[in-house]
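Asks: Give me coordinates for this.
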Amino acid sequence: MQDGRTTITQFIIEEQRHITDATGDFTSLLNDIVTACKVISDLVNHGALVGVLGAAGTENVQGEDQKKMDIISNDVFLRSNEWAGHLAAMASEEMDEVYPIPEKYPRGKYLLTFDPLDGSSNIDVNVSVGTIFSILRCPGVCKDKPNAEGFLQAGTEQVCAGYALYGPSTMMVLTTGNGVNGFTLDQNIGEFILTHPNMTIPEDTREFAINASNMRHWEAPVKRYVDECLAGKEGPRGDDFNMRWIASMVAEVHRILTRGGIFMYPLDEKMKAKDTAGKLRLMYEANPMSFIIEQAGGASSTGRERIMEVKPDGLHQRVPVILGSKNEVERVVSYHKE
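Replies: Numbering: from 1, shown residues only. Okay, the predicted model is just below:
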């Protein structure tokens, strides 16, 4: 305890006792992830003062322009987690291939996937960004010969998922399948302190988040849902709704965890024309966030199936995402079935 408050390390040790076959490796791995997020938080907070803003002039595997902080954050995660012997390999949204732990370090029984800086397009305008991560067990002989195949596990196989939010304060939100808890970084002592225990999402909401610039491309079920919300008290829902859009999944999900809501990045006709199955990455964004949302009492779907039951077919697979307050997600899913 720190002055009667629970630190994230103390909390993790308690959580480890609920995880089958967990050892001190799990606690140490999470502590390494926490350290990486503290470093990234410090860099984001200093921004232009330390020269980390702006474009890098490169593209990631998805063909997206990278910011300097995308590359820096990715390197921070690799360096912080490669040496301690808890991981067999890592996979990142910013890297084409799996990153096996170098042979000069011992290898462990876990796999780590991460989006080192979600919402990085916002960083130059000082809007909240974040880090998303997921921990999987390393199957079979994966430890000796880690490859992409070992990572292709359904979201239901996740051991832990979490995110760090770099906003007015730095927060970390975690689940190990035993509820969702939030921690705030106390800059004075350099520790994450439990401030949001047992986070839950209201089943109903009057707030939705979607990129309305894609309206002309939406499928009929999504357009119907949004039209009903926008119709307000005079429409079929009989109530007024608010619309939000931050373009940072971490910030969107954190708002939903705090006060409810629904977030949608659905399949649309433009994606179909490009033969793309969705916008967000299953391994680095959709699965970890779905695990958190479901553990907080919400729901998460592609519109056609539960996200955490999707069997991945590639490291960078994309999926549609509809997540948040349970009753609203179920309504959108029901429209897809009609």
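
Asks: Every contact and neighbour count from this point should use C-alpha atoms.
Replies: Noted.

Asks: Thr258 contacts Asn198, correct?
Replies: No: Thr258 is beyond contact range of Asn198, at 11.1 Å (criterion: CA atoms under 8 Å).

Asks: Could I get the full set of strands for the stretch 51-200 of the chain?
Replies: With DSSP state E, counting those that start in this stretch, the ranges of strands along the stretch 51-200 of the chain come out as 55-59, 65-67, 87-92, 99-100, 110-118, 129-137, 160-166, 170-175, 180-186, 191-196.

Asks: Would you convert those strands into JSON lines that also reports distance to Lys270?
Replies: Below are the strands of the stretch 51-200 of the chain laid out as JSON lines (distance: least, CA to CA, whole Å):
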{"stretch": "strand 55-59", "distance to Lys270": "22"}
{"stretch": "strand 65-67", "distance to Lys270": "20"}
{"stretch": "strand 87-92", "distance to Lys270": "26"}
{"stretch": "strand 99-100", "distance to Lys270": "32"}
{"stretch": "strand 110-118", "distance to Lys270": "23"}
{"stretch": "strand 129-137", "distance to Lys270": "26"}
{"stretch": "strand 160-166", "distance to Lys270": "29"}
{"stretch": "strand 170-175", "distance to Lys270": "33"}
{"stretch": "strand 180-186", "distance to Lys270": "35"}
{"stretch": "strand 191-196", "distance to Lys270": "39"}
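
Asks: Mean pLDDT for those - can I get that in a markdown table?
Replies: What follows is those, written out as a markdown table (pLDDT from 0 to 100):
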| stretch | mean pLDDT |
| --- | --- |
| strand 55-59 | 59 |
| strand 65-67 | 67 |
| strand 87-92 | 96 |
| strand 99-100 | 96 |
| strand 110-118 | 95 |
| strand 129-137 | 96 |
| strand 160-166 | 97 |
| strand 170-175 | 97 |
| strand 180-186 | 97 |
| strand 191-196 | 96 |
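
Asks: Using a markdown table, lay out these together with distance to Asp25 and mean neighbour count.
Replies: Below are the strands of the stretch 51-200 of the chain laid out as a markdown table (distance: least, CA to CA, whole Å; neighbours: other CA atoms under 10 Å):
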| stretch | distance to Asp25 | mean neighbour count |
| --- | --- | --- |
| strand 55-59 | 34 | 13 |
| strand 65-67 | 33 | 18 |
| strand 87-92 | 9 | 26 |
| strand 99-100 | 18 | 20 |
| strand 110-118 | 9 | 26 |
| strand 129-137 | 12 | 25 |
| strand 160-166 | 13 | 26 |
| strand 170-175 | 17 | 24 |
| strand 180-186 | 21 | 21 |
| strand 191-196 | 20 | 19 |
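
Asks: Run through the stretch 1-150 of the chain and note the low-pLDDT ranges.
Replies: Residue ranges of the stretch 1-150 of the chain with pLDDT under 70: 1-4, 19-22, 48-65, 67, 141, 143.

Asks: same thing but 90
Replies: In the prediction, the stretch 1-150 of the chain carries residues with pLDDT under 90 at positions 1-4, 12-27, 43-72, 119-127, 139-146.

Asks: what are the ranges of the helices in the stretch 1-150 of the chain?
Replies: For the stretch 1-150 of the chain, the helices defined by DSSP state H, counting those that start in this stretch cover 8-16, 24-46, 68-81, 148-151.

Asks: how much distance is there from the shortest one to the middle of the chain?
Replies: This means helix 148-151. Centroid separation for helix 148-151 versus its chain: 19 Å, with CA atoms, centre = their mean, to the nearest Å.

Asks: repeat for stretch 210-218
Replies: Distance, stretch centre to chain centre, for stretch 210-218: 22 Å (CA atoms, centre = their mean).

Asks: Check stretch 137-157 too.
Replies: That offset, for stretch 137-157, works out to 19 Å (CA atoms, centre = their mean).

Asks: Counting neighbours, which bits of it end up buried?
Replies: Neighbour-count burial for stretch 137-157 flags 137-138, 142-143, 146-148, 150-156 (criterion: 16 or more other CA atoms under 10 Å).
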